[in-house]
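A.B. asks: Structure for this input, please:
(one chain, ligands or ions: 1)
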Amino acid sequence: MQKNFETQPANRGVTDEMLREINKYTRQDLTADDVFVFSVLLCDNEVDRDFERFSQKSLRTLAELFRGKTAIQNHSMDSADQSARTFLTEVVTDETKRTSLGEPYTYLKAYCYMPRIEKNEARIAEINAGIKKEVSVGCAVRSSICSICGADERISPCKHRRGKTYNGKVCHYVLEDPTDAYEWSFVAVPAQKNAGVTKHFSAAAQKLGTAQKGVTLTAAEARALHDSLERLQKDAKAGEQYRSDLCETASRGLLRALPALSASLAKSLCEGLDCSQLRALSLALAEKNAPRTPQLARPADTRRKAKNERFKF
Ligand SMILES: [Zn+2]
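C.D. replies: Numbering: from 1, shown residues only. Below is the predicted model:
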């Protein structure tokens with residue numbers, strides 16, 4: 001997943017301790033003059049615009065996972081764009097600031113270095129100028145917990161919808177148990193949050209559709225594509241459930257109509273059909289299985305029975 005945070009990179013003086021950490025990642029020892037060190041806020045525990053938030057525990061795990069990871073430009077996989085490396089991370093709690101949920105505001109701070117070479121000059125100048133940027137982090141989490149009922153969306157999705165209010169509480173998902181952190185990148189801050197998602201998705205889809213070789217997506221395109229895939233996966237899950245319900249109804253109807261049929265044969269016959277065929281079959285079987293109502297014969301009683309039977313497939 002991709003998460004975006006507005007952040008203001010700050011230039012740092014290079015201490016000996018920092019150099020020791022930095023030199024763990026370099027082939028030859030660098031001196032304070034060789035490197036430019038800055039810090040950046042990677043992610044925090046505030047509910048974001050996708051109605052998700054990291055727990056404090058997740059932030060601590062991410063702090064470990066992000067150590068040594070590179071900072072790239074717009075999630076490009078080109079190694080030439082790997083401009084900075086995270087050499088130290090810490091989780092900071094700002095006791096004077098509360099999140100929208102009233103928790104102490106906690107964030108993951110990363111210390112990064114860049115070699116002072118010509119290629120990095122523009123980026124270094126930007127950071128020195130303190131230009132506010134959006135940082136986009138890529139990571140994977142094992143659990144996504146509903147804030148209303150505690151269900152894990154990945155294992156047993158519940159009926160609560162993120163962003164909707166239940167008993168005065170807005171549903172969001174708590175991201176727990178991070179398993180990997182890939183990289184992070186500076187991206188341009190969109191003027192309006194969520195603006196241009198559709199546009200980015202179309203651009204990404206077109207790039208993928210016409211690709212002759214490797215494709216580079218911008219962070220916004222990658223995010224739009226990811227969000228769209230997530231939505232499709234949810235729809236697909238609902239569709240599968242619907243089809244399986246139809247299949248169940250039709251095979252029960254078949255067994256009622258043809259009691260000599262084995263349950264497994266009824267099931268495999270139905271499994272080969274698509275949704276509209278299953279629906280048509282269920283209706284036809286319901287019609288056939290409904291008892292004929294003899295005219296004038298105990299009308300009230302029979303009608304009630306017939307009515308119930310029609311809906312008992
Ligand atoms: Zn729930």
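
A.B. asks: Could you pick out the residues of the protein near the ion for me?
C.D. replies: Counting by CB under 5 Å from the ion, the positions of the chain adjacent to the ion are 146, 148-149, 151, 158, 160. Where you see a C-beta, it was placed from the backbone N, CA and C, and this is true even at glycine.

A.B. asks: In strands, which of these fall?
C.D. replies: Per DSSP state E, strands hold the following members of these: residue 146.

A.B. asks: wait, residue 14 sits on residue 34?
C.D. replies: No. With contact defined as CB atoms under 8 Å, residue 14 does not count as touching residue 34 (9.2 Å).

A.B. asks: Looks to me like residue 235 is in a strand.
C.D. replies: No. Note on residue 235: no strand contains this position according to DSSP: H, G, I helix; E, B strand; the rest coil, which reports helix.

A.B. asks: What about it, how many residues nearby?
C.D. replies: Using other CB atoms under 10 Å, residue 235 has 10 other residues around it.

A.B. asks: Distance check, it against residue 206.
C.D. replies: For residue 235, the distance to residue 206 under the criterion CB to CB, to the nearest Å works out to 22 Å.

A.B. asks: With pLDDT and neighbour count as extra columns, can I get the residues of the chain next to the ion in CSV?
C.D. replies: Formatted as CSV, the entries for the residues of the chain next to the ion read as follows, by pLDDT from 0 to 100; neighbours: other CB atoms under 10 Å:
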residue, pLDDT, neighbour count
146, 96, 21
148, 97, 20
149, 96, 12
151, 96, 16
158, 93, 13
160, 94, 18
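
A.B. asks: which among the residues of the chain next to the ion gets closest to residue 42?
C.D. replies: Each of the residues of the chain next to the ion was scored against residue 42 by CB to CB, and residue 146 proved nearest at 24.8 Å.

A.B. asks: mind listing what the closest one touches?
C.D. replies: Contacts for residue 146 (CB atoms under 8 Å, 6 or more residues apart in numbering) come out as 152-153, 158, 160, 171, 173.

A.B. asks: try it again with 7 Å
C.D. replies: Contacts of residue 146 were listed using CB atoms under 7 Å, 6 or more residues apart in numbering, and they are 153, 158, 160, 171, 173.

A.B. asks: Need the phi and psi values for the first one.
C.D. replies: The phi/psi pair for residue 153 (degrees, to the nearest 10) reads phi -60, psi -30.
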